[in-house]
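Asks: Okay, sequence plus prediction incoming.
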Amino acid sequence: MKEKPDSTMTIEQIDREIERLNREVKDVRGRQTEVYTRIVGYYRSVKNWNRGKREEYNHRRTFELPGEYAEKAQLAGTKDEIRRRIDGDQKQSGEALDLNNIASYQYFFRTTCPNCPPVRTYLAELGFPGSEINVDMDEGFELAGELAVCATPTVIFRDSAGNEVLRSANLQELLRTFNKERAAG
C-alpha cells in the first residue's frame, strides 16, 4: 500500500515522492484500452469522438438502480428480451393486431428526450385515450420500473381489460404497425 502524501510533508519529501512515482510510472506495462460507449443510439469508440462529445463523456455518471428497481429490471430482462417476448407472443398467437381491441395507451417520456415529441404528436393523431407518464418524476420512474420500461419513448397499448396488446419504442415502429393494420383493415 502506498503512502498518501499529507500536508505535513516537506518540499524535499514531496520531491522524493514525485521521483518515486515517476520511476513507478516508467515500469507500468500494458496496452491502450479502447472504450466503446453509446452515442446517439449506437456504440462507437470514444477515441473517435469529437472534442465536444469527449468532454460530455467525461461528465457522464454511471448509476445503479436502487434495490427494488434493480430486481424488477432483472426479472423483466433486457429491452431486447422484452421486445422478443412481446413479438413472440404476438406471432405465436397468430393474431394480427386489431385496432378495435386497443382501448388506451400509456406513453412514457422524458422532458429532454428528442424522440418523444414526434411520438406524442402521432399518438394524438391516432385518437386513442391515453395517459402520459414523465419518467423524470419519481412516480413516473417507479411505474416505468414496474412495467419494465427501459427507454423513452415507450408506448404501451392496452385492451379494455387492461392487458398489454402492443409495446412500441419509437415513431417508426408506430408508423409501421398502424399503417400496416389500417391497410389490412
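Replies: Thanks, I have the structure now.
Asks: Tell me if residue 167 really is in a strand.
Replies: Yes: the assignment for residue 167, made by DSSP: H, G, I helix; E, B strand; the rest coil, places it in a strand.
Asks: Against residue 149, how distant is it?
Replies: 9 Å (C-beta to C-beta, to the nearest Å). Bear in mind the C-beta positions are built from the backbone N, C-alpha and C, glycine included.
Asks: ranges for the helices of this structure?
Replies: 11-26, 51-58, 67-76, 79-93, 116-126, 138-146, 171-184 (DSSP state H).
Asks: Would you single out the least confident of those?
Replies: Lowest mean pLDDT within these: helix 79-93, at a mean of 55.
Asks: What about residue 139, how many residues nearby?
Replies: For residue 139, the tally of surrounding residues (other C-beta atoms under 10 Å) stands at 10.
Asks: Residue 168 reaches residue 175, doesn't it?
Replies: No: using C-beta atoms under 8 Å, residue 168 is not in contact with residue 175; the gap is 9.6 Å.
Asks: ok, these two, which is more surrounded?
Replies: For the pair residue 168 and residue 175, the greater number of neighbours falls to residue 168 (24 against 13), based on other C-beta under 10 Å.
Asks: Okay, and the beta partners of that one?
Replies: In this entry, residue 168 is beta-bridged to residue 155, by DSSP bridges.
Asks: Identify the residues contacting it.
Replies: By C-beta atoms under 8 Å, 6 or more residues apart in numbering, the contact list for residue 168 reads 154, 155, 157, 174, 177.
Asks: In TSV, list those along with distance to residue 62 and neighbour count.
Replies: Putting the contacts of residue 168 into TSV (distance: C-beta to C-beta, whole Å; neighbours: other C-beta atoms under 10 Å) gives the following:
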residue	distance to residue 62	neighbour count
154	22	24
155	28	26
157	33	26
174	31	21
177	34	15
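Asks: Tabulate the residues you listed (JSON lines), appending distance to residue 133.
Replies: Listed next are the contacts of residue 168 as JSON lines, based on distance: C-beta to C-beta, whole Å:
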{"residue": "154", "distance to residue 133": "9"}
{"residue": "155", "distance to residue 133": "10"}
{"residue": "157", "distance to residue 133": "14"}
{"residue": "174", "distance to residue 133": "17"}
{"residue": "177", "distance to residue 133": "20"}
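Asks: And those residues, which is closest to residue 115?
Replies: The closest of the contacts of residue 168 to residue 115 turns out to be residue 154 (C-beta to C-beta; 10.5 Å).
Asks: who are the neighbours in contact with that closest one?
Replies: By C-beta under 8 Å, 6+ apart, the contact set of residue 154 is 107, 108, 144, 167, 168, 169.
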